[in-house]
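In: generate a structure from the sequence data that follows.
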Amino acid sequence: MNKYTKLQKKHQEMINDFPCFYAFSNEQLEDGLKKFNITRDNLLNVGYGGFIDKKNEAKYVKMWLLINTESKDAMKDEEYLYQAFRYELGNHEYSYTYEYEDTLACLGLKFKTLTEKQLSILEKAKSDYLEVMEA
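Out: Predicted structure coming up:
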């Protein structure tokens with residue numbers, strides 16, 4: 001497991017372990033309220049169909065701040081950045097689209113704001129990815 005996928009796995013485990021539920025219907029909402037023993041008055045909508053108990057709001061915010069900080073700090077490591085680019089180029093099927101937008105967006109980056117070093121690392125990741133895909 002490389003640095004990028006290791007950090008992604010760690011963050012996904014943090015999210016999975018957090019007491020929340022997703023509801024896209026009244027039935028799912030009622031099931032979540034019962035499962036987590038939350039009243040509607042204590043329910044907090046965190047977006048994208050997610051709900052938590054209001055008493056956990058500070059912990060929820062703290063978790064996301066940690067995830068964002070760790071991700072941003074990791075992007076300063078060239079090996080991590082290469083692995084992130086390489087993984088996400090494949091994940092977003094660069095060999096079919098030849099577009100960077102989705103790859104960069106999921107990493108919180110934009111092509112026009114990449115540094116020369118980041119562009120160099122992206123180019124290396126792209127070349128390595130395409131070499132494997134063409135083999």
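In: surely residue 81 meets residue 75?
Out: Yes. Applying Cβ atoms under 8 Å, one finds residue 81 in contact with residue 75, separated by 5.7 Å. Bear in mind the C-beta positions are built from the backbone N, C-alpha and C, glycine included.
In: which of those two has more residues huddled nearby?
Out: Between residue 81 and residue 75, residue 81 has the larger neighbour count (other Cβ atoms under 10 Å), namely 21 against 16.
In: who's in contact with the more buried one?
Out: By Cβ atoms under 8 Å, 6 or more residues apart in numbering, residue 81 lies in contact with 75, 118, 121.
In: hmm, 10 Å instead?
Out: Neighbouring residues of residue 81 by Cβ atoms under 10 Å, 6 or more residues apart in numbering: 3-4, 74-75, 107, 109, 117-118, 121-122, 125.
In: now residue 66
Out: Contacts for residue 66 (Cβ under 10 Å, 6+ apart) come out as 11, 14.
In: element containing it, please.
Out: According to DSSP states H and E, residue 66 maps onto helix 57-74.
In: mind exporting that helix as CSV, just the C-alpha atoms?
Out: Written as CSV, here are the backbone C-alpha positions of helix 57-74 (Å, rounded to 0.1, in the frame of the first residue of the first chain):
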residue,chain,number,x,y,z
GLU,A,57,-21.1,18.3,16.0
ALA,A,58,-17.8,19.4,17.5
LYS,A,59,-16.3,15.9,17.1
TYR,A,60,-17.5,15.8,13.5
VAL,A,61,-16.0,19.2,12.7
LYS,A,62,-12.7,18.2,14.4
MET,A,63,-12.6,15.0,12.4
TRP,A,64,-13.0,16.8,9.1
LEU,A,65,-10.4,19.5,10.0
LEU,A,66,-7.9,16.7,10.8
ILE,A,67,-8.6,14.9,7.5
ASN,A,68,-8.2,18.2,5.6
THR,A,69,-5.0,19.1,7.4
GLU,A,70,-3.4,15.7,7.0
SER,A,71,-4.4,15.6,3.3
LYS,A,72,-3.0,19.1,2.7
ASP,A,73,0.2,18.4,4.6
ALA,A,74,0.7,15.1,2.7
